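Q: using only what follows, build the 3D model:
(one chain, ligands or ions: 1)
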Amino acid sequence: MSIEISGLSKAFGKKQVLQDLNLTIENGQCYCLLGKNGIGKSTFLNCILDLIKPDAGTITLLGKDYHNHNLEVKQSLGALCEDNPLIEEFTGLEYLNFVAKLYRLSPEEAQERISSLTNYFFTDRESLHKNIAGYSTGMKKKVGIAASILHKPSVLILDEPFTGLDPIAAQLLVQLIRSYRNPNRVVLISSHDLNYVERVATHIGVLNDGQLMYNGSVEEFTMNGKHLIDQALFQLLLPHHNTEANIDWMLN
Ligand SMILES: Nc1ncnc2c1ncn2[C@@H]1O[C@H](COP(=O)(O)OP(=O)(O)OP(=O)(O)O)[C@@H](O)[C@H]1O
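A: Sure thing, here's the model as predicted:
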């Protein structure tokens with residue numbers, strides 16, 4: 001097994017965001033985490049990434065826990081965080097070379113991987129020589145995605161990877177995720193872009209009230225393709241959604 005989470009809980013003040021959450025994600029899976037705004041998806045991913053300290057629970061990656069194998073475990077992780085923090089004073093190429101150095105790639109490996117990833121994602125090569133501060137949201141996202149996979153992590157965690165990408169870049173990312181997934185790796189994604197989720201997910205988790213209200217294969221979720229992912233999600237979440245709110249004031 002690749003990611004094993006047991007009894008994970010996290011509250012912010014009085015708000016209990018995660019409550020005794022258990023989940024195992026096996027190698028070979030592309031696990032997509034769905035759920036309403038503010039339900040705790042990023043909190044969950046950030047706990048796995050050790051960016052947020054949980055109140056309780058254990059997280060085991062690749063059979064090792066953080067406490068005893070901190071650096072070793074983290075070297076096998078690649079991540080795109082929701083706020084996609086980059087060093088904006090760097091150019092795109094400088095930033096990717098910097099990340100390659102952090103992961104101790106050889107100059108040849110770094111050169112090969114950076115040029116293949118930037119050729120893949122950027123038609124406008126000139127922009128890679130400009131400071132990231134001047135990039136659009138989508139360009140920054142592409143740099144963040146490239147940085148997350150440069151070192152070929154065994155566990156790739158992508159928080160809202162499709163948001164801000166144009167349809168061509170989003171389709172390229174779908175292809176990249178599908179190619180990246182293999183029996184020795186796990187990909188974990190949080191996303192609201194269900195059209196793209198449908199194309200990459202092998203497994204689905206639906207977070208609600210601090211727990212996974214669904215956890216299983218995409219086939220089971222869509223009843224073997226009888227429903228689209230969005231229909232299946234609405235059926236699951238709508239009973240809990242307030243549809244009574246009156247918005248008649250805006251009709252005339
Ligand atoms: N550092 C923090 N301090 C206080 N509350 C926080 C903090 N981070 C998150 N929260 C709260 O925790 C809840 C879960 O937030 P989170 O960002 O994990 O949700 P999400 O499911 O990723 O949302 P979205 O889909 O809108 O990105 C929200 O109510 C949010 O306001």
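
Q: other residues contacting whichever strand or helix holds Lys142?
A: For Lys142, the element it lies in under DSSP states H and E is helix 137-149. Identification of contacts with helix 137-149 by CB atoms under 8 Å, 6 or more residues apart in numbering yields 78-81, 84, 86, 92, 95-96, 99, 114, 117-118, 121-122, 127, 132, 135, 156-158, 161, 163-166, 169, 173, 176, 180. For the C-beta atoms, the positions are set from N, CA and C on the backbone; glycine is no exception.

Q: now that helix: buried residues?
A: Buried residues in helix 137-149, counted by 16 or more other CB atoms under 10 Å: 139-149.

Q: give me the mean pLDDT for that helix.
A: Computed over helix 137-149, the mean pLDDT rounds to 97.

Q: just the CA coordinates of it, formatted as CSV?
A: C-alpha atoms of helix 137-149 as CSV (Å, rounded to 0.1, in the frame of the first residue of the first chain):
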residue,chain,number,x,y,z
THR,A,137,-2.4,32.2,-13.3
GLY,A,138,-2.4,29.3,-15.9
MET,A,139,1.3,29.8,-16.7
LYS,A,140,2.2,29.7,-13.0
LYS,A,141,0.1,26.6,-12.6
LYS,A,142,2.1,24.9,-15.5
VAL,A,143,5.4,25.8,-13.7
GLY,A,144,4.0,24.4,-10.4
ILE,A,145,2.9,21.2,-12.1
ALA,A,146,6.3,20.7,-13.9
ALA,A,147,8.1,21.4,-10.6
SER,A,148,6.0,18.7,-8.8
ILE,A,149,7.0,15.9,-11.1
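
Q: which strands and helices sit next to the helix or strand just after that helix?
A: Going down the chain from helix 137-149, the next helix or strand is strand 155-159, by DSSP H and E. Applying 3 or more CB pairs under 8 Å, 6 or more residues apart in numbering; DSSP states H and E, one finds that strand 155-159 contacts helix 41-48, strand 77-80, helix 137-149, strand 186-190.

Q: what about the ones you listed, which gets the closest to Ser6?
A: The closest of those to Ser6 is helix 41-48. By CB to CB, the value is 12.0 Å.

Q: list the contacts of the closest one.
A: Outside helix 41-48, the residues that reach it (CB under 8 Å, 6+ apart) are 3, 5, 8, 10, 17-18, 21, 33-35, 52-54, 57, 59, 61, 79, 81-82, 157, 159, 188, 190, 207.

Q: that helix vs the ligand: in contact?
A: Yes. Residues of helix 41-48 contacting the ligand under CB under 6 Å from any ligand atom: 41-43.

Q: wait, what's in contact with Asn182?
A: By CB under 8 Å, 6+ apart, the contact list for Asn182 reads Gly28.

Q: pLDDT score assigned to it?
A: The model's pLDDT for Asn182 equals 95.

Q: how close does it sit to Ser115?
A: Going from Asn182 to Ser115 by CB to CB, to the nearest Å gives 22 Å.

Q: try Ile52
A: Ile52 sits 35 Å away from Ser115, going by CB to CB.

Q: middle-most residue in this structure, spatially?
A: Leu158 (1.9 Å; CA atoms, centre = their mean).

Q: among the contacts of helix 41-48, which are in strands?
A: Cross-referencing the contacts of helix 41-48 against strands under DSSP state E gives 3, 5, 8, 10, 17-18, 21, 33-34, 57, 59, 61, 79, 157, 159, 188, 190, 207.
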